[in-house]
Structure formats: structure tokens, C-alpha cells
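what follows is a predicted structure for the sequence shown.
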Amino acid sequence: MIVHLPILQVIIPLMAAPICLMLNRAKLVWLFALLASGLAFSISILLLQQVMTSGVISYELGGWQAPWGIEYRIDKLNAFLLLIISGISTVVLVAAQTSIEKEIPKDKHTYFYVLYLLSLTGMLGIVATGDAFNIFVFLEISSLSAYALIAMGQKRQALWASYQYLIMGTIGATFILIGIGLMYQMTGTLNMQDLSQRLPEVAQTRTVFVSFAFVIVGVCLKLAMFPLHLWLPNAYAYAPSIVTAFFAATATKVAVYLLIRFTFSVFGLSFSFTTIPLQTLFMALGLLGIFVASTTAIYQSNVKHLFAYSSIAQIGYMIVGFSVSTVAGLTATLLHMFNHALMKGAIFLALAAVIYRVGNVELKNFRGLGRQMPLTMAAIVIGGLSLIGVPLTVGFVSKWYLLTALVEQGWWPIAVLILLGSMLAVVYVWRVIEVAYFKEPLDPSIKVKEAPMSFLIPIWTLVIANIYFGIDTRLSVQVAEAAAQSLFGVSP
Amino acid sequence: MNLSLELMLQLCIIMPLLATLAIVASGRHPNIREGVTIATCLALIFLVVSLYQGLSSGKSISVYWWELLPGLRISFDIEPLGMLFALVASFLWLVTTCYAIGYMRSHQEKNQTRFYVCFAVAIGAVMGLAFSANLFTLFIFYEVLTLSTYPLVTHAGTEKAKKGGRIYLGILLSTSILFFLLAIVSTWVVAGTLDFKLGGIFADDVDKVIASILLVLFIFGIGKAAIMPFHRWLPAAMVAPTPVSSLLHAVAVVKAGVFTVLKVCIFIFGLDLLAELPSTQFLLYLAGASVLLASLIAMRQDNLKARLAYSTVSQLGYITIGALLATSSGVIGSSMHIAMHAFGKITLFFCAGAILVTLHKSKISDMRGIGRQMPITMIAFFIASLSIIGVPPTGGTWSKWYLMMGTIETEQFVLMVILMLSSLLNIAYLLPIPFHAFFPKLTSFKTSDKLSSTTNVTEDRLPSFEIKEAPLPSLIAIVVTTLGCLTLFIYPQPLFDLASAILTGRG
């Protein structure tokens, strides 16, 4: 059994999806999906433990040997990602049943869970597999289910948002496919481990350059990296709240993973950063992303939009850490992937609770919520503090690492810019807090109650995780550091 | 009781935090709630005094909690400077709580439970800050202090409170994130450690330019020390209820700022390196300008609390100057001034609050003749003013004496003149208040023109000779801190010993 963990990680949610269709009873389906996701989560914990103690796990699908058959290859990096994705997915699912009751018509509940599980499968698959073409397949699984999930949103705009995402996402996926095709043409292999050994021989050819360009642009589209982020705000804002919470915490992380995997493992460090000036480009785009998106976030009147733009800005931080291209910088990026998942998971779940009680998340409707929904708002406050990077929250840990990485390289101006960027976070977070705590409710006759327990439990699980991993950083720092070191080929 | 000193040190930080639970639990019964607070205060004083005894008997007390990030530990260590700060803060917390009970009840403030909870958290943060063994731990508690005082500043929940809170948090958070954190990270990269060490942690051959930049970043980043141009948060914080202004914005928060400045100067840079840095001179003049300008601005304020706030900005400049002079008398003067100014300024704020709750007056121009109604309060105001100015028989004399000595030793004559000038300004903006309170018919040199038109009005308001002092708990608090000002003049020895032990190691 333990040997088959890598494939079970992906196959359990995949098989659970059609079974959900057969169960077809809302509550039962929910419990079953929760069970499947929980199982995936426990498997990811086991995998991480195994990888940390005994190194890379290679699993050959159907017993076909590596370059010919499909290989699932779990190293520290993907074990870390698997943990983030399946963990967030499980916590978010706890609140799903209550949330979708108000947001999705009853007859579509089963489909919702089916799509949710398929999307989870896709993300887990992208991360677990060691085969480049397999990545594309899972990317399509996760994307197609994501388009459908977003289209389930309450408002008509959801359809348009989903369509926008569909167009952009398809272009991205196609680009990745073209890139992979070109690599295959040059090397005759799709296994990433194999690719990384064969690509250097042909590295100076135009085909490889083109394939690199296609892959990177495709991934950056999925990543919503500035200026390719246009699909993201609407997709997040109009999707059902649960979907937003799930995607905001995980989807972009998967894309960042792909970026790291392709640049570091497949093309190799020297090709990605020396032959091609990725460093300067990404540094500039990352910083621009931080400032443009944070500033835009300040002017949003819809809180979901506000935090969606904040997500784009946070991706900017990951990109900056990535472009430092040192162990410390990459560690900062990996840490921020973990930490950002916790913050945004908590915040968007809390917003789901607000939608459940109030009906929408226009900023003006937050008036008086500080008193009416104290626990939910407290969660947003702590999540916001974490976004700003206040000590004793996870946000501080990743910021500390990012700053250290930059200062070590002597890049002071960029460190200053990063800090300026987090001042913008103070502004947009405080806009929400001031409205919630200082303004009287618009219509005092409407009594808004605190969110039900089914929301509060997952929200506060994530909030406590925000604080816990800000205080006890052993797990996240150790894993992130080990993963970064192994990507740089430094033995820890 | 037989507690180990290490345990006591941890209790100092944890106990106020635990007390918040009890305060929340007893929120519906004000008497129990305030009883809990008082009990915590007393226990805290007991702990701090025991620690003080431990320290004076030459024991080293340090605690290590855990490693937050590799190499960066949350740990605590007691040295004389932190001890001094903790003693002052814990004692004045008790007095302030006593005062707050009278104030909050007679003012019928809302959300009193939240008030006491945030207060306790703030004190816990101050204790953690005072006992920090490294800059990293200090920074964490510094930020906790900022955030836990935000709800206190915006206590009223009005539009004005929101604006004040915005400036408060905006300046304190942005300076600490933008400059302080950057300075800490850079120090970590340059020096490889953040532990406080007598004589500094930088290597001897450290690049002077980098060290200079770091010093500027530190002084700007420690926004709580309210060096101009980053002082605006302090007047803005005056929208808070008076007990908050008195403890936090005369003692805990601002003193946390200058305490951090002292810590950085003595234990991160070391006085030798500090004296060599080119930026020290620039910062000295900046602090001097801050002292002078804030005094000038204070003269123009008609709102009593605003005047006191600017006076605080000016006095904080003294402490920063003392730290940057990088001599032993400068350090002694600065650290003594932490205590002296705390007692003086808290008394002044108490008086301002007492006038507000009993007579509902906040403008200085309305305060003519109130000495007849509130004699004790105004006498206290007078004595505390003397302490701020620095004349006998009050404690402020000593600290200003040493600060002057420091400027003479280092031949900073410009600064010496500034300090003397500022003392004159102190007289000009503080003493007229008690004088006019007792002798309302004296025409002031400053407001004589304005007054002639309003004399009749004030005359009408004067006739009441009925004595109407503040509520008893508040009055007791005022008397206690006033006596403190006087005692510190007669008996400054323990304080002096503690201050002079800072540079020689353990007490």
C-alpha cells in the first residue's frame, strides 16, 4: 500500500468524482467528497514524511520503466505542494455544504462536488507527475473543471468571467503544449528527469529557445503574473465563494510550481538564468505586479475584488523571490506559497461567511459587521495582518526570508520597494477594517447574525494555522529550505 | 513564595496576557473585572521588584523560549536598562489603573472591558520588550505594542478617533516596517547576530558608510521615539481616553521607543562605534531640532492634551540626544530621564483628565481660575511641571543635569544651548497654566489682547468657590505620582545606581 501512495494521491479524488454522481444526495455527496479529500490530505502527509526521511520517491505507472512509461516522481518540492493543495481543499470543503446552499441551485450540488474533486485531481496530478505531457493532461482536467465551477456563480457576470478565463487559460495551456511538443521534437522524451539530462546537449538551438518561451509564457498566463493577470479578478470575484477560497489558496501555487519545475529542473539553472535574462525580466515584472495590483486593490469597492488584486500582488512577491535565484530567494518563494495559501484561504472563507449572512461583499455592506459578526471579522483582521506581514503571523516569516535574500545579494533598493509594497497592503486591509468597525450599519433594522459553526470551524482552523506557523516555523521552513536546496543541487 | 527568577521573568510577560482571559470572563461585573486588573498589577509589581532584587544581588537571569527562525531566538535577558523601564512601567500601570477606574466610570465610557483587555496586552508587550535579549524579540513585542494600542486610541469609535487611529497606525507601522525591519534584516546580514551585547555586535572593521546608514534607519524606524518628522502620531493619539494618553503616550509606548533607541545605541552599535559614525552628528542635530520645534509648537496649542503631547515629543528628543552623545553621562541622563519624565508627564496627563471629567474643560484658555475648584489637582500640575522643566525640588533636575554634562563633555555646545533654550520654553508653556488657575486676574503676556474681550465671560464663570475635585481613585493616583516626582529628587540613588550599571554590566 505504502508503495502506491503517489498514485493513490491522484487516483482517489479522481475515482471519487464519478462515485459522487451515483450517490446524488447533496449531504451524502458532501461527506463523501470530504472523505476523499481528507484521504488525499493524509496521503500527502505520509508522502512528505517519507520524502523528508528517505529522499525522492519514484513510482512507475503500470510498471513501465521510466523514460518510456509514465513516472510519478515525488521530491521535497512536490510533496510540499501536495500538502498545501490537499490540506486547503479539505478545510475549505468543510464549509462547502452550508455555503453552496445559498449560492448554487439545489439540483446542481452534486455536479459542484464532482467538479471540485476533478479540479483537485487535476492540481494534485500536475504536481505529482514526472512526465511533461502528463502535466498538460492534468492541467486540462483542472482547468476545464475550474471554468465550469466559476460559471456556477450566482451572478450573470460569472459566465463572462468564466469565459474570459477559458480563453486565457486555453491560450496558456496551448502554449505549454506547444512548448512541450518542441522539447519532444528535440529530445524524443517526455520524462522530465530525462529531459533535464538531454536538453543541455541541444540547449543552444533556436527550437529550445522557442520552446522555453512558449512554456514560460503559458505558465505565466496560468500564474496570473502581471501583465497576464486580467482574467483573475473577475474569475475570483464572481465564482461561488467556496471555489474562490479553494482557487485563491491553491490554483496559482500550482502554476508557480510549474514555473519552478520547468526553469530549475527541466531547463536547468544555467539555461534559465544565464542564457536567457529571465532574472531581470521577472524582477521587474514582479515588482510592477506588486505595485500595480496593490494600488488597484486599494480602489476596489467589492471586497472579493480587493483581495483578488491582493493575490496578484502576492504572486509578485513570489516572482521576486524566484528571480533572486539563490537558495534563500527560492526558499522565500516556497514559504510564501505555503503561507499565502493559509492567509488567503482564511480570508476568502471568511468572505464566504459574509456572503452567506449578508448576501454580498460590497464594501459598504461591511458597515457594522465588526459587531454583528465579530468572529468572522476577527478572522479577516488576522488574515489581513498576516498579509501585511506583522510578526507572529506567517506573513512575517516569508517577508523576513525575502528581505534577507535580497539584502544578502546587496539589492537594497528592491528590499525597500518590497517594504513599500507591504505598506500598500496596510492601506487596503485597513479600508475593510475601518468600514467594519467604525461605521454604523446602513440599515439598523436588519439583524445580521454571526456565521454558523460550519463556517467558523474551518475559518478559525486556518486562522490558527496562520498564527501557529508564524510562531513554530520548523515544518514550513525546514521543508521549504530543503526543497530549495535540492533544486539548486546543494546537498543539505 | 519560592519561584525561580527565570519563572518570574516569564510570568511578567505571560501574566498580563492571561489576565485578559479573566477580564473578559468577568466583563459583566465591573467590580470583579477591575479587581482582577488591580490584582494583576500588584502581582506584576511584586514580580518585577523580586527580579530587581535578584539583579542587584548580581544574578544573571535569562530565558530562552524557542527558535522562531533558524538562528533567531525568542529569548529574554535582564539587564539594568530593561529593569529600569520595567519598574517604571509596572508601577505606573497600577497607578493608572487606579486612575482609570475613577475616570472611565465617571465619564461613562463604553466598551470598558475591551479597554482593560487591550491595556493588559500592552503592558505584557512592554514587559517583553523591556526584557528582550535580542533585537528580533524586541521587534516582535514592539509591533504587538503598536497593534494592541490601536483599539485604545480609537476607543471612542468616532470619525475623529478613526482619523487619529489612521495617523497613529500609519506612521508607527510604516516606519517600523519600512525602516526598522529593513535595518534589522540588514544588521542580521552584516553582523550575523541580533543579540544585545555590551559594546555592540558589529565587527571592528565594519564599513562606516553602511553602519551610518543603518543608524539613520534605526533612528527613523523607531517611530515610537517620535523624532521629527515622524512625530505626528503622538498628537494624533490624543483622541484616546486620558488614562491611555497618560500611561501609553507618556510612559509605555513612547518610552518603549526611546528605550529601543538606547538599546540599539548601546548594545547594537556600542558607544565607541557610535561616536565615530558620521551620521551621529546629523542625527544629534535632528533630535535637537525636534526638541526645539516641538517646544515651540507646544506653546501654540490651546488644547491641554495637545500641548502635553508636543511637550512629550520635545522631551523624547532629550533622551535620544543623550543616547547619541555616546558618553556615559549621556546614557545615565537618558535612562534617568525615562523615569523622571514618566512620573512628571503622567501626572500632567492625570490632571488634564481630571479637569476634563469634573469640569468638562479641555482648552487651556477656559482654565482660568480653576485652581479654586481643584486645588490639589492644580498643585500637582505645578509640581509636575517643575519636574518636566528640571528644577529642584523635583526629579527632573537630575536627569537634565546629566544630559547637560554629556553635552559639555562631548563639546556639543550647540546642543547645550538648545537644551537650555528648551527648558526656558518649557517654563513658558507649562507654568502659565497653574498660575492662571490660581490667579485668574493676572494678565498673561501672551493672551492679553484676546483676553480683554473675554474677561467678562471668565469673570462670570469664576465665582464658584466650591471645591470639586476628581473622583477619589483618580485623585489618589494624582497624589501618588506627584509624590513620586518629589521622592525622585530626594532619593535618586537606586535609580542612579541602576542607570550607571547599564554600561558596566550587571548591577
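Here it is on my side, so go on.

show residues contacting stretch B:93-112.
Applying CB atoms under 8 Å, 6 or more residues apart in numbering or on different chains, the contact partners of stretch B:93-112 are B:30, B:33-34, B:37-38, B:41-42, B:44-45, B:115-116, B:119, B:123, B:155, B:157, B:241-243, B:246-247, B:252, B:346, B:350, B:353-354, B:356-358, B:470-478, B:480-481. From N, CA and C alone the C-beta is placed, and that goes for glycine too.

redo that, cut-off 7 Å
B:30, B:34, B:37-38, B:41-42, B:44-45, B:115, B:123, B:155, B:241-243, B:246-247, B:350, B:353, B:357, B:470-474, B:476-477, B:480-481 (CB atoms under 7 Å, 6 or more residues apart in numbering or on different chains).

any idea how many residues pack against whichever residue of the stretch 351-500 of chain B sits closest to chain A?
Using CB to the nearest CB, B:S362 is the residue of the stretch 351-500 of chain B that sits closest to chain A, at 22.3 Å. B:S362: 18 surrounding residues under other CB atoms under 10 Å in any protein chain shown.

and it, what is it in contact with?
B:N303, B:L304, B:K305, B:L356.

closest one of those residues to chain A?
B:K305 (21.3 Å).

which residue ranges of chain B form strands?
All strands of chain B, identified by DSSP state E, fall at B:62-69, B:72-77.

quickly compare those strands and say which is most buried.
Among the strands of chain B, ranked by average contacts under mean count of other CB atoms under 10 Å in any protein chain shown, first place goes to strand B:72-77 (a mean of 20).

sorry, back to before: please report the distance of the residue of the stretch 351-500 of chain B closest to chain A from B:I213.
43 Å (CB to CB, to the nearest Å).

same deal with B:F139?
Shown here: B:F139 relative to B:I213, a distance of 18 Å by CB to CB.

the more surrounded of the two?
Under the criterion of other CB under 10 Å, the comparison of B:F139 against B:I213 puts B:F139 first, with 22 against 17.

go ahead and confirm the more buried one touches A:P391.
Yes. Assessed by CB atoms under 7 Å, B:F139 is found in contact with A:P391 at 6.4 Å.

get me the contact residues on chain B for chain A.
B:68-70, B:139-140, B:143, B:147, B:157, B:162, B:173-174, B:177-178, B:181-182, B:185-186, B:188-189 (CB under 7 Å from any CB of the partner chain).

what parts of chain A come near chain B?
Proximity of chain A to chain B, by CB under 7 Å from any CB, involves residues A:390-392, A:397, A:400, A:403-404, A:407-408, A:415-416, A:419-420, A:422-423, A:426, A:434, A:438, A:471, A:473, A:477.

buried only: go through those for me.
The neighbour-count criterion (16 or more other CB atoms under 10 Å in any protein chain shown) marks A:390-392, A:397, A:400, A:403-404, A:407-408, A:415, A:419-420, A:422, A:426, A:434, A:438, A:471, A:473, A:477 among these as buried.

mind checking which of those residues are in helices?
Judged by DSSP state H, helices contain the following of these: A:397, A:400, A:403-404, A:407-408, A:415, A:419-420, A:422, A:426, A:434, A:438, A:471, A:477.

among those, give me the pair with the biggest separation.
A:E408 and A:F438 (41.6 Å; CB to CB).

without its sequence neighbours, what residue ends up closest to B:I78?
B:I61 (4.5 Å; CB to CB, 6 or more residues apart in numbering or on different chains).

what of B:R114?
Using CB to CB, 6+ apart, the closest residue to B:R114 is B:P151 (6.3 Å).

cool, A:Y113 as well?
Leaving aside its sequence neighbours, A:Y113 sits nearest to A:A33 (CB to CB, 6+ apart; 4.4 Å).

in terms of helices and strands, where is the one you found?
If you go by DSSP states H and E, A:A33 is part of helix A:26-54.

what average pLDDT does that helix get?
Averaged across helix A:26-54, pLDDT comes to 91.

so B:I78 versus A:L230, what's the distance?
Distance from B:I78 to A:L230, by CB to CB: 57 Å.

swap that for A:V127, sorry
Taken as CB to CB, the span from A:V127 to A:L230 is 26 Å.

try B:E159
B:E159 is 37 Å from A:L230, by CB to CB.

which one's more surrounded, the two?
A:L230 (15 against 10).

now the more buried one: phi and psi?
Torsion angles at A:L230 (phi, psi; degrees, to the nearest 10) stand at phi -60, psi -30.

who's in contact with the residue nearest to B:I389 when sequence neighbours are not counted?
Take B:I389 and drop its neighbours on the chain: the residue closest to it by CB to CB, 6+ apart is B:N426, 4.4 Å away. Counting by CB under 7 Å, 6+ apart, B:N426 makes contact with B:S295, B:I388, B:I389.

how about a cut-off of 10 Å?
B:295, B:298-299, B:311, B:314-315, B:385-386, B:388-391, B:396, B:400 (CB atoms under 10 Å, 6 or more residues apart in numbering or on different chains).

repeat that for A:V56.
A:V56 makes contact with A:Q50, A:R73, A:I74, A:D75, A:K76, A:N78, A:A79, A:G130, A:Q193, A:S486, according to CB under 10 Å, 6+ apart.

which of those residues fall in helices?
Among the contacts of A:V56, DSSP H puts A:Q50, A:K76, A:N78, A:A79, A:Q193, A:S486 in helices.

neighbour-wise, which of the residues you listed leads?
Tallying neighbours with other CB under 10 Å puts A:N78 at the head of the ones in helices among the contacts of A:V56, with 29 neighbours.

so that one sits against A:R261, correct?
Yes. Shown here, A:N78 and A:R261 form a contact pair, counting by CB atoms under 10 Å, at 8.1 Å.

which neighbours do these two share?
In contact with both A:N78 and A:R261: A:I126, A:V127, A:G130, using CB under 10 Å, 6+ apart.

tabulate the residues you listed (a markdown table), appending distance to A:S143.
Shown next, in a markdown table, are the shared contacts of A:N78 and A:R261 (distance: CB to CB, whole Å):
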| residue | distance to A:S143 |
| --- | --- |
| A:I126 | 10 |
| A:V127 | 15 |
| A:G130 | 20 |
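
buried ones among the residues you listed?
Listed as buried from the shared contacts of A:N78 and A:R261 are A:I126, A:V127, A:G130; burial here means 16+ other CB under 10 Å.

most centrally placed residue in chain B?
Per CA atoms, centre = their mean, the C-alpha nearest to the average position across chain B is that of B:V251, at 2.6 Å.

quick one, grab the pLDDT at that residue.
81.

report how many residues lie close to residue 333.
Picking chain A for this. 25.

if you could check chain B rather than the one you did, that'd help
Residues near B:G333, counting by other CB under 10 Å: 28.

that one contacts B:G322, doesn't it?
Yes. With contact defined as CB under 10 Å, B:G333 reaches B:G322; the gap is 4.7 Å.

burial of B:N111, as a residue count?
When neighbours are defined as other CB under 10 Å, B:N111 has 15 of them.

state the distance from it to B:A477.
Distance, B:N111 to B:A477, using CB to CB: 22 Å.

what's the answer for B:M299, then?
Applying CB to CB to B:M299 and B:A477 gives a distance of 28 Å.

who has more neighbours, those two?
Taking other CB under 10 Å, B:M299 and B:A477 do not tie; B:A477 has more neighbours (30 against 16).

contacting residues around the more buried one?
Residues in contact with B:A477 (CB under 10 Å, 6+ apart) are B:92, B:94-103, B:243, B:246, B:346-347, B:350, B:353-354, B:380, B:470.

repeat that for A:L82.
Taking CB under 10 Å, 6+ apart as the test, what A:L82 contacts is A:6, A:9-10, A:40-41, A:43-45, A:47-48, A:51, A:74, A:123-124, A:127-128, A:257.

from A:G345, how far out is it?
16 Å.

quick one: contacts for A:G316?
The contact partners of A:G316, taken as CB under 10 Å, 6+ apart, are A:225-226, A:229, A:282, A:285-294, A:418, A:421.

return the item of those having minimum pLDDT.
Within those, pLDDT is lowest for A:F226, at 83.

great, nothing more from me.
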